[in-house]
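Enquirer: okay, here's the prediction I keep looking at, along with the sequence it came from:
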Amino acid sequence: MATTEHTEEHQEPTRRDFLYIATGAVGAVGVAGLAWPFIDQMNPDASAQAMASVEVDVSSMNVGDSITIMWRGKPVFIRRRTDAEVEAAKETPVADLPDPLARNPNIGSDEPATDANRAAVDREPWLVMIGICTHLGCVPLGQQGAFGGWFCPCHGSTYDTAGRIRSGPAPANLDIPPYTFASDTTIVVG
Amino acid sequence: MAGHGTSNYQPKNKVVRWVDSRLPIFSLMNEQAIVFPTPKNLNYLWTFGAILSFMLATMMISGIVLAMHYAANTELAFDRVEHIMRDVNFGWLIRYIHAVGASMFFFAVYMHIARGLYYGSYKAPREILWMLGVVILILMMATGFMGYVLPWGQMSFWGATVITNLFSAIPLVGPSIVEWLWGGFAVDNATLNRFFSLHYLLPFVIAGVVVLHIWALHEVGNNNPTGVSVKSSKDTVPFHPYLTMKDFFALVCFMVLYAYFVFYIPNYLGHPDNYIEADPLVTPAHIVPEWYLLPFYAMLRAIPSKLGGVVVMFSSLLILFVVPWLDTSKVRSAKYRPMFKIAFWVFVISCIALGWLGSQPAEGVYVMLARFFTFYYFAFFLILMPLLGIIETPKPVPNSIAESVLARHHGSTATVGSGEGRPDAAPAAPKKD
């Protein structure tokens, strides 16, 4: 008799089946809902998210000078390039570059990595970049390496005078932060 | 074999009997640590299990004490470590016990793993035992890496930067994962804080997996240098006093080595750059991880693509999980596998070579050599393990552990008798309870 009952139970969902599934579903949603805060708390918090912008006075920078500032915990390179450096960068065909994208949020994505697109708008000698190697995050050394730009001491990536990757394991050109020239002598990063 | 039988345990002490009939903890100890049958031919390589248990306890005790004096804050951490070294009573000793202990722990675990590989301890019925061991190894690496970040020196900071950046190689979600790990846009206070929290947590997770590891061991029993399964009580001796004494003697020898490092060359295995406070603006000329991670670091750098290097590095660990199914030979011990024995030693040399290459700059001939040894590392598992089981003719395997022990003590007479031992039948025979 018991066997018959069981067979019948399996043929058609019962109230009990519904309750099992409903309980399970509520439980799963509850666990997932509660798990999220515990995962999300690890993301950058409000203080880190605050896009604090940094104002930099570059009036004392001569041609060939570089400075490094901190923005959102990252080093940012500001370089007033020499004419030779600009020329060297301009002469390199974009087709020769491992990463053909400018990676400059100030002019929009998908722009080719020409020197003009990498440099400050209408101020081609000025180069502002996040000083973090796109390989594994080391800080490259300036005016070193085979292309006269930056050289990462960790795993040997070489960047040219426009901060574009030329050789080594790094997959992309040095990133450019959002920035503007507030005046001829002031750069606002962020 | 384990956990069953020996039900005739009768504590003499009344109180012990009273407790044991309510919580059979004394019976459990008696069965698992006193009368537990162990193969009578275990050599000193089998003492590393006990040494590792000792190291885990040492690291937890010294670590808990260090945490009482440390502060996981980027402004304070570096100074707090020096405070431990100079101001805290015996702080220098406890810190060196902990820092050198990490190296000793990894030395012991690598010996333990190499022993398992050589004597085929990963083969049926010990697959789960082996896989739990791999889980412990990975947890140890994560714990060791996060612990190295805590002193907040230059190597701490840049090691953390490079290792967390590995995850940025994952397509699409990589950069988000890295920011999630950092809790910011660079390795910073949030990162240090969470690494401290996890560094404190993970040893307890390891301890939990160690319990499972020992449970699995005591269910299937120890492997032994012949790789032949235990067949009768003639093959075994009780754990106590035979193995407790042997483990204890090995542990004392190990502690002499450990103490030599702690008292005479405590910084020998560290990097001088870690005595420079972390500076996010200056990358050290040459970033190297701790020595026990160098082989994996060499593999990462051997591959010219970012994602490829990361995949190869993680695969080198994950591949260990499937070793029980990659090895097709029915003979467990390399003692009776002439070709596998050579392959094994070349593998050991490859690992050491990769370790050395990981400490060298990633350029020129070093990269080429790293590629060669990385290839062998994977070829050992993926090509040689499956292939040798098919093409190799194993030497005759003794019929039993007792026979092999007697053969050793009575000259060659029993060796002749062992000639009939079929290489495939003996080790594969499942044990009877």
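Expert: Happy to help now that I have it.

Enquirer: which parts of chain A are strands?
Expert: Per DSSP state E, chain A carries strands over the ranges A:54-57, A:66-71, A:74-80, A:126-130, A:141-142, A:148-151, A:158-160, A:165-167, A:179-183, A:186-189.

Enquirer: so can I have TSV of those strands showing mean pLDDT?
Expert: Shown next, in TSV, are these (pLDDT from 0 to 100):
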stretch	mean pLDDT
strand A:54-57	88
strand A:66-71	89
strand A:74-80	92
strand A:126-130	92
strand A:141-142	89
strand A:148-151	90
strand A:158-160	92
strand A:165-167	90
strand A:179-183	90
strand A:186-189	90
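
Enquirer: now the ones you listed in CSV, with distance to B:Phe54 and mean neighbour count?
Expert: Bear in mind the C-beta positions are built from the backbone N, C-alpha and C, glycine included. Shown next, in CSV, are the strands of chain A (distance: least, C-beta to C-beta, whole Å; neighbours: other C-beta atoms under 10 Å in any protein chain shown):
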stretch, distance to B:Phe54, mean neighbour count
strand A:54-57, 52, 14
strand A:66-71, 45, 16
strand A:74-80, 43, 21
strand A:126-130, 47, 23
strand A:141-142, 45, 16
strand A:148-151, 46, 23
strand A:158-160, 48, 24
strand A:165-167, 49, 21
strand A:179-183, 56, 15
strand A:186-189, 53, 17
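
Enquirer: which ones are touching B:Ala102?
Expert: Neighbour list for B:Ala102: B:59, B:144, B:147-148, B:290, B:292 [criterion: C-beta atoms under 8 Å, 6 or more residues apart in numbering or on different chains].

Enquirer: in strands only, show me the residues you listed.
Expert: Using DSSP E, none of the contacts of B:Ala102 sit in strands.

Enquirer: switch those residues over to a markdown table; also include neighbour count, distance to A:Ser60 and pLDDT.
Expert: Below are those laid out as a markdown table (neighbours: other C-beta atoms under 10 Å in any protein chain shown; distance: C-beta to C-beta, whole Å; pLDDT from 0 to 100):
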| residue | neighbour count | distance to A:Ser60 | pLDDT |
| --- | --- | --- | --- |
| B:Met59 | 22 | 52 | 98 |
| B:Gly144 | 20 | 46 | 97 |
| B:Gly147 | 24 | 44 | 97 |
| B:Tyr148 | 24 | 40 | 96 |
| B:Glu290 | 22 | 43 | 94 |
| B:Tyr292 | 20 | 48 | 96 |
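
Enquirer: would a markdown table of those with distance to B:His271 be doable?
Expert: Listed next are the contacts of B:Ala102 as a markdown table, based on distance: C-beta to C-beta, whole Å:
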| residue | distance to B:His271 |
| --- | --- |
| B:Met59 | 20 |
| B:Gly144 | 14 |
| B:Gly147 | 14 |
| B:Tyr148 | 9 |
| B:Glu290 | 8 |
| B:Tyr292 | 13 |
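
Enquirer: hmm, back to that, JSON lines for the strands of chain A, including distance to B:Ala99?
Expert: Formatted as JSON lines, these follow (distance: least, C-beta to C-beta, whole Å):
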{"stretch": "strand A:54-57", "distance to B:Ala99": "38"}
{"stretch": "strand A:66-71", "distance to B:Ala99": "31"}
{"stretch": "strand A:74-80", "distance to B:Ala99": "30"}
{"stretch": "strand A:126-130", "distance to B:Ala99": "34"}
{"stretch": "strand A:141-142", "distance to B:Ala99": "30"}
{"stretch": "strand A:148-151", "distance to B:Ala99": "32"}
{"stretch": "strand A:158-160", "distance to B:Ala99": "36"}
{"stretch": "strand A:165-167", "distance to B:Ala99": "37"}
{"stretch": "strand A:179-183", "distance to B:Ala99": "43"}
{"stretch": "strand A:186-189", "distance to B:Ala99": "39"}
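
Enquirer: nearest to B:Pro266, of those strands?
Expert: strand A:141-142 (32.1 Å; C-beta to C-beta).

Enquirer: contacts only, for the residue sitting nearest the centre point of chain B.
Expert: In chain B, the C-alpha nearest the mean C-alpha coordinate belongs to B:Val109, at 2.9 Å (C-alpha atoms, centre = their mean). Applying C-beta under 8 Å, 6+ apart to B:Val109 gives the contacts B:48, B:52, B:136-137, B:140.

Enquirer: can you tell me how far it sits from chain A?
Expert: From B:Val109 across to chain A, the span is 26 Å (C-beta to the nearest C-beta, to the nearest Å).

Enquirer: include distance to chain B when you put the strands of chain A into a markdown table, please.
Expert: Supplementary listing: the strands of chain A in a markdown table, determined by distance: least, C-beta to the nearest C-beta, whole Å:
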| stretch | distance to chain B |
| --- | --- |
| strand A:54-57 | 13 |
| strand A:66-71 | 6 |
| strand A:74-80 | 5 |
| strand A:126-130 | 10 |
| strand A:141-142 | 8 |
| strand A:148-151 | 11 |
| strand A:158-160 | 12 |
| strand A:165-167 | 10 |
| strand A:179-183 | 16 |
| strand A:186-189 | 13 |
